[in-house]
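Q: One predicted model, sequence on top.
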Amino acid sequence: MQLLLLSNSAAPGRGYLEHAREEIASALDGARRLVFVPYALADHDGYTAQVASALEPLGVEVTGAHTADDPAGLVRGAQAVFVGGGNSFRLLKALHERDLVRAIRERVAAGAVYMGSSAGTNMACPTLRTTNDMPIVQPPTFEALGLLPFQINPHYLDAKPDTAHMGETRAQRLEQFLEENDVPVVGLREGTWLRRDADRLTLGGIDAGAILFRRARDPEELRPGADLSTLLREEPRFDSAAR
């Protein structure tokens, strides 16, 4: 299984996907026909055009899943699938409504590259439960693609001691998730990504790194280059309603 899971698609002072262009080129590894899944945002045409422009220098032909009468059928013929960021609840609802959960799982298992950013990275997890988004719509289930046996929290933010915000920190919210579910969570800071190549999982990106949360353990700092392959052998234990 080939996965590239980005925390974010845009970095300050750089164009869309520019900060990860070399990694994207490496992950695609010659794939030239990519289906983009734009349902996390409302403007499907504009979103697809943005992705096509960003990937044009790599010689990649981008087709929006929304342009097909049968999006699932389009995905089944793709060399690569990119699920973009936006609202995770809206995205997951659309994936289930269009039979794309099954289609993406099957195509990726058959060898297609899966790339996600932000909400698209959330979709690679077993469930939606570690997203940061507001539930603007209600998907039929929180069950996502399950391309990984653990959870990810994209756009992970460290607490700022001098902030006036009095709500829970991101770490506190993830600890609450772990009170109900015994499943590791990787908090991906901005500019970082996870790359899966078969049974190998590696953290990449800028020096900000990531943080690993586990039930009843102290959070663990992860540096770029860290080998996280052991997470692929985890046996997740969700509460009975999690999926």
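A: Perfect, I can see it now. Residues are numbered from 1 along each chain as shown.

Q: buried sites along stretch 1-20?
A: 1-11, 16-17, 19-20 (16 or more other C-beta atoms under 10 Å). Where C-beta positions appear, they are placed from N, C-alpha and C, glycine not excepted.

Q: which one among these gets closest to residue 129?
A: residue 5 (16.5 Å; C-beta to C-beta).

Q: just to revisit the earlier point, hmm, which of the buried residues of stretch 1-20 is lowest in pLDDT?
A: Within the buried residues of stretch 1-20, pLDDT reaches its minimum at residue 11, with 83.

Q: Just give the closest residue to that one, not the sequence neighbours.
A: Leaving aside its sequence neighbours, residue 11 sits nearest to residue 19 (C-beta to C-beta, 6 or more residues apart in numbering; 3.9 Å).

Q: can you check residue 23 too?
A: residue 204 (6.0 Å).

Q: do the same with residue 147
A: Spatially, and ignoring its direct neighbours in sequence, residue 147 is nearest to residue 124 (4.3 Å; C-beta to C-beta, 6+ apart).

Q: just checking, the one you found touches residue 148?
A: Yes: in this structure, residue 124 is within contact of residue 148 by C-beta atoms under 8 Å, at 5.5 Å.

Q: mean confidence score for stretch 221-234?
A: The average pLDDT for stretch 221-234 rounds to 96.

Q: Let me see the mean pLDDT of stretch 69-79.
A: For stretch 69-79, the mean confidence score works out to 97.

Q: Show me the strands in the protein, by range?
A: Assigned by DSSP state E, the strands in the chain fall at 2-6, 33-37, 61-64, 80-83, 113-117, 151-153, 185-188, 192-197, 200-205, 210-213, 220-222.
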